[in-house]
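Participant: Have a look; sequence and predicted model below, questions after that.
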Amino acid sequence: MVEAHPADGPELRPLADAMARAFLDDPVMSWLFGEAEATRLRRLRRFFPHEAKRHSRTGEVFTTAGHQGGAFWDPPGTWKSPWWELVSAAPILVPAIGRRIPRSLKGLELIERAHPREPHWYLAMLGTDPTHQGKGVGAALMAPILARCDAEGTPAYLESSKADNVPYYERHGFTVTGQIDLPDGPPLWPMWRDPR
């Protein structure tokens, strides 16, 4: 049985590597970081360590004993990145996104506009290394916070970037609430989960 635990400092790099592999074929990451797979993987390997550190400062980051994946959770009221965090990410994001910056900013605005204002836990990222998918890693990574949501009566929210993942999240209690169409890009499916 796979079990998740909060990731500590030395674990952030290996879990970020697993996340980079997990998101290599993600439509939104392709839209954001470019179509060439080798280039995108290099960019994802720079992006995910930054995101893991950011979420570990402000939220909860979970991984497994073998660093097979990761989950980045933001507690109620902390889902929106402050401007200074966007500025700190600029050295990674600006070269990686390049000429796609205006389109990316419009996409971020659409995502933020659709984000619910009711207090909730936000599953910002969930990824499992492709070699470990289908083995319960994702469920284990969600379990600690979903259990907390149920115990405290707090909803949870995420955006699915793949249509194929929607039924997976539905099995964990999430329901599609709409669709966000990124500019010249793929759709996202906002999903809400009431506590059980």
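Facilitator: Structure received.
Participant: Kindly provide the distance from the residue sitting nearest the centre point of the chain to Phe23.
Facilitator: Residue closest to the average C-alpha location in the chain (C-alpha atoms, centre = their mean): Met125, at 1.4 Å. Counting by C-beta to C-beta, to the nearest Å, the gap from Met125 to Phe23 is 8 Å. For glycine as for every other residue, the C-beta is placed from the backbone atoms N, C-alpha and C.
Participant: so Glu11, which of the three states?
Facilitator: Under DSSP: H, G, I helix; E, B strand; the rest coil, Glu11 falls in the helix class.
Participant: who does whichever helix in the chain runs longest touch, helix- and strand-wise?
Facilitator: Criterion DSSP state H: the longest helix present in the chain is helix 37-58. Counting by 3 or more C-beta pairs under 8 Å, 6 or more residues apart in numbering; DSSP states H and E, the packing neighbours recorded for helix 37-58 are helix 12-22, helix 27-33, strand 69-74, helix 83-97, strand 121-128.
Participant: Show me what the second one is in contact with.
Facilitator: The contact list for helix 27-33, computed with C-beta atoms under 8 Å, 6 or more residues apart in numbering, reads 23, 39-40, 43-44, 47, 96-97, 100, 104, 107, 161-162, 182, 184-186, 188.
Participant: Give the buried residues for the lowest-mean-pLDDT helix or strand in the chain.
Facilitator: Ranked by mean pLDDT, DSSP states H and E, the weakest helix or strand in the chain is helix 83-97, scoring a mean of 72. Residues of helix 83-97 classed as buried under the neighbour-count rule (16 or more other C-beta atoms under 10 Å) are Ala89, Ile92, Leu93, Ala96, Ile97.
Participant: Mind picking the one among those that's closest to Lys80?
Facilitator: Closest to Lys80 out of the buried residues of helix 83-97 is Ala89 (14.1 Å), distances taken as C-beta to C-beta.
Participant: and the gap between the residue lying closest to that closest one once chain neighbours are set aside and Ser56?
Facilitator: Leaving aside its chain neighbours, Ala89 sits nearest to His50 (5.9 Å; criterion: C-beta to C-beta, 6 or more residues apart in numbering). Per C-beta to C-beta, His50 is found 11 Å from Ser56.
Participant: List the buried residues in stretch 144-164.
Facilitator: 144-146, 148-149, 154-161.
Participant: Going by distance to Val137, which of these wins?
Facilitator: Nearest to Val137 out of these is Pro144 (C-beta to C-beta; 13.3 Å).
Participant: Show the contacting residues for the closest one.
Facilitator: Contacts of Pro144 (C-beta under 8 Å, 6+ apart): Ala4, Glu60, Phe62.
Participant: Let me know whether the first one touches Gly66 as I believe.
Facilitator: No: under the criterion of C-beta atoms under 8 Å, Ala4 makes no contact with Gly66, lying 11.3 Å away.
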